[in-house]
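In: Quick check, what structure comes out for this input:
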Amino acid sequence: MGSVRRANSRQYLAYLLLNVIVSAVTIILVMAIWGRVSAPAEPTATPTLDALALIARAVPTATATIPPSPTPVTYTVEPGDTLFSIALQLEIPPEALMAANGLTDPDKLAVGQVLLVPSLEEAQALIPTSTPRPTQPLFTVTPNPDARAPQVEIRGVSGSGDLANEAVFLLNSGGVAAMAGWVMDDAKGHVYRFPEFTLHGGAVSVHTRTGVDTVIDLYWGLEQAIWTSGSVVTLRDTDGVVQSTFSIP
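Out: Below is the predicted model of the structure:
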């Protein structure tokens, strides 16, 4: 039989040391692996959301809103309307109504015509501001030295006491006489004032009764005769200057 060889103490120590080293390395490797496995994973960066940016993108961008144009106010011309009556009814100046509608003649309106009615503010803007004009010198009239002065005289009274025929007869033997405002009286309170009347060279009769004036006949409009024998007829111009007198025989 073969014999079993015993290991000596050196070999035993070497073997023991080797086992210790192997065990230590194994433990270190196991701890290293375990440390990697059990170590907490580093947090992964996640994208950060900006809440204000999201809200801003969600809210629609405000756009300027143009207010609707106001509906224009109009007026339709009716029978009997005039521009001035329409302006009075609408309480706006006639000039503003004409300017708003481009009118130049206030009398040219047609029934059914539609007029644009401006507001009060627009009416004030449409009225042109009047520019004062320079004062024009007053023209003076130089009397014509060759012009003949009027010479109106009372030549007689016909039909005294008879209203239907009673009249005073006047004759102008001079230049043109503008007799508006002249007066004729009987010194007893009866006064006749001449109307707009021009007496050229010629005659005119002033009747006591009522009638229609003509270029040769004027009518006082009284209801009874006033001229009697002895009455004095006096003719005065606009300045009160006596131009003629006549005493009835």
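
In: how close does the spatially closest residue to Thr208 that is not a sequence neighbour get to Ala24?
Out: Leaving aside its sequence neighbours, Thr208 sits nearest to Glu166 (Cβ to Cβ, 6 or more residues apart in numbering; 4.3 Å). C-betas here are computed from N, CA, C, even on glycine. Distance check for Glu166 against Ala24: by Cβ to Cβ, to the nearest Å, it reads 173 Å.

In: Look at these two and report which has more neighbours.
Out: Remark: of Glu166 and Ala24, Glu166 carries more neighbours, 21 against 10, as counted by other Cβ atoms under 10 Å.

In: Does that one touch Ser160 like I think?
Out: Yes. Between Glu166 and Ser160 a contact is recorded at 6.2 Å, counting by Cβ atoms under 8 Å.

In: list residues touching both of those two?
Out: Listed as contacting both Glu166 and Ser160 by Cβ atoms under 8 Å, 6 or more residues apart in numbering are 225, 227.

In: Mind jotting down where the strands sit in the chain?
Out: Assignment of strands within the chain using DSSP state E yields the ranges 73-76, 114-117, 152-158, 167-172, 177-178, 183-185, 191-193, 198-199, 202-207, 217-219, 232-236, 242-247.

In: Dump the C-alpha coordinates for the longest one into CSV.
Out: Same thing as strand 152-158. Output of strand 152-158 as CSV, limited to C-alpha atoms (Å, rounded to 0.1, in the frame of the first residue of the first chain):
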residue,chain,number,x,y,z
VAL,A,152,-95.3,170.8,-56.9
GLU,A,153,-98.3,173.2,-56.5
ILE,A,154,-101.9,172.9,-55.5
ARG,A,155,-103.8,174.2,-58.5
GLY,A,156,-107.4,173.7,-57.4
VAL,A,157,-110.1,171.6,-55.6
SER,A,158,-112.9,170.1,-57.6
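
In: strands paired with it, and their directions?
Out: Strand 152-158 sits in its sheet next to strand 167-172 (antiparallel), going by DSSP bridges.

In: just checking, Thr74 touches Val117?
Out: Yes. Using Cβ under 8 Å, Thr74 is in contact with Val117, at 6.2 Å.

In: Comparing the two, which residue is more hemmed in?
Out: Legend: neighbour count by other Cβ under 10 Å for Thr74 and Val117, higher for Val117 (19 against 10).

In: if we can go back for a sec, so what's the residue nearest to Thr208 up against?
Out: By Cβ under 8 Å, 6+ apart, Glu166 lies in contact with 157-160, 207-209, 225-227.
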